[in-house]
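In: got a predicted structure here, sequence first:
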Amino acid sequence: MQNSVTYNYAGARVLVTGGTSGIGYGIASAFAEAGATVMITGTRSGPQDYKDTDLAAFEYRQLRLQDTDAILALAASLDGLDILVNNAGASMPAGDEWTHEGFEESVRVNLLSAFHMARACLDHLSNSTLSGGASVIGIASLTSFFANEMTPGYGAAKAGIAQMAKSMGLTWARHGIRANAIAAGLTDTRMTGFMKDIPEMNQPIIDRTPLQRWGQPADIAGAALYLCSEQASFVTGQTLIVDGGYTLGV
C-alpha cells in the first residue's frame, strides 16, 4: 500500500544514531525520501562493512555509544543540525543486566549516550530555522512502562528516555527546540524477528495486540516524520506510543 501522507524535509539536516538497520534505518530512510540530508551512525568502520544494507543515501559516521568523547567530537564536527533522532541502543545478553557492570553498561548505552548527544547538539539545534522548530526524538520502549525481568537496566533507561523528553521539552522550548519520544512496540527487526517464528512467543503478542500484527520500522518512521513536522509544532515533551494497541491490555 502506497503511503498517501507526504512530508517535505528538503534542506533539513538530520542525524539518526544507529541508522544502519531496523527502526533507525527505517527512520533515516523516511527522512531521506522526504528530501532531508541524513547522517547515520553505526559501530563498524564504514558503510562498506554493512553488506546487506544499502546506505548510499546517507553520510556515515562510526560511533560507539560508550565513548562520550566520541559523541562530543561528532557533535562538534557538524555544520548544523535540525533534527536529532537518538535511536541507537541495545539490551545486554540475558541476565547480564542484573550484574553491577551490566546494569551500568545498559544505562550508559541507552540513556546517558542519548543525553550526551542531545546536549552536545544543543547549539546546532538552537540555530535551526526549520519550520515548526528543531526536534529531538528519543526512541523509548514498552519497557518504559512495563517491567521485564531480564532487562532491568534497559527498562530503567527507556523510562528515562520518556522522562528526559519531558525535561528537554520544558527547558529547551526557549531555544526553539521541541523534544518528544516514541515508545515503540514490538517491531519486526533483525533483533526481534526470530520471535515471530516461535509460536509460544509470537502468539501471545498477537493475541494481546488489537491490530493483530507486529509493528514495522515504517510505523515508527511515520511517527517520527510527524513529530518533527510543522504539523506537530505545538507538541513537545510527549511520548507517543506506537504499539498497535498492545498497552491497552486486552
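Out: Everything's here; your move.

In: pairing partners for the particular helix or strand that has N180 in it, with directions?
Out: For N180, the host element (DSSP states H and E) is strand 177-184. Here strand 177-184 has these sheet partners by DSSP bridges: strand 134-141 (parallel), strand 239-242 (parallel).

In: next SSE after that strand?
Out: Remark: after strand 177-184, the chain's next helix or strand is helix 199-208, criterion DSSP H and E.

In: so for that next one, mean pLDDT?
Out: Helix 199-208 carries an average pLDDT of 90.

In: buried stuff in the worst-scoring helix or strand of the chain on mean pLDDT?
Out: Least confident element among the helices and strands of the chain, by mean pLDDT, DSSP states H and E: helix 199-208 (a mean of 90). For helix 199-208, a neighbour-count test (16 or more other Cβ atoms under 10 Å) marks I205, I206, R208 as buried. Backbone N, C-alpha and C define where each C-beta goes, glycine included.

In: contacting residues around stretch 189-196?
Out: S21, G22, I23, L186, D188, M201, N202, I205, W214, P217 (Cβ atoms under 8 Å, 6 or more residues apart in numbering).

In: can we see that at 10 Å?
Out: With contact meaning Cβ atoms under 10 Å, 6 or more residues apart in numbering, stretch 189-196 is reached by 21-26, 52, 90-91, 186-188, 201-202, 205-206, 214-217, 220.

In: show me where this structure has helices.
Out: Listed from the start of the chain, the chain has helices (DSSP state H) covering 22-33, 68-77, 100-107, 113-120, 122-126, 152-171, 199-208, 217-227.

In: packing partners of the shortest one?
Out: In terms of contacts (3 or more Cβ pairs under 10 Å, 6 or more residues apart in numbering; DSSP states H and E), helix 122-126 is packed against strand 13-16, helix 68-77, strand 83-86, strand 134-141, strand 177-184.

In: what's the most buried one of those?
Out: For the helices and strands packed on helix 122-126, the largest average neighbour count (mean count of other Cβ atoms under 10 Å) is found in strand 83-86, namely a mean of 30.

In: partners of that strand in the sheet?
Out: With DSSP bridges as the test, strand 83-86 is paired with strand 13-16 (parallel), strand 134-141 (parallel).

In: for M150, give me its contacts.
Out: Counted by Cβ under 10 Å, 6+ apart, M150 has contacts S91, M92, P93, A94, G95, D96, E97, W98.

In: go with 6 Å
Out: A94 (Cβ atoms under 6 Å, 6 or more residues apart in numbering).

In: quick one: it from L186, how far?
Out: 15 Å (Cβ to Cβ, to the nearest Å).

In: could you find the closest non-adjacent residue to the residue nearest the centre of the chain?
Out: The centre of the chain sits closest to N87, judged by Cα atoms, centre = their mean, with a distance of 2.6 Å. What sits nearest to N87 in space, not counting adjacent residues and going by Cβ to Cβ, 6 or more residues apart in numbering, is G24, at 4.0 Å.

In: swap in N8?
Out: Excluding the flanking residues, the one nearest N8 by Cβ to Cβ, 6+ apart is G35, at 5.9 Å.

In: for the protein, which spans come out with low pLDDT?
Out: Low-confidence segments of the chain (pLDDT under 70): 1-3, 250.

In: I'm done for today, thanks for sticking with me.
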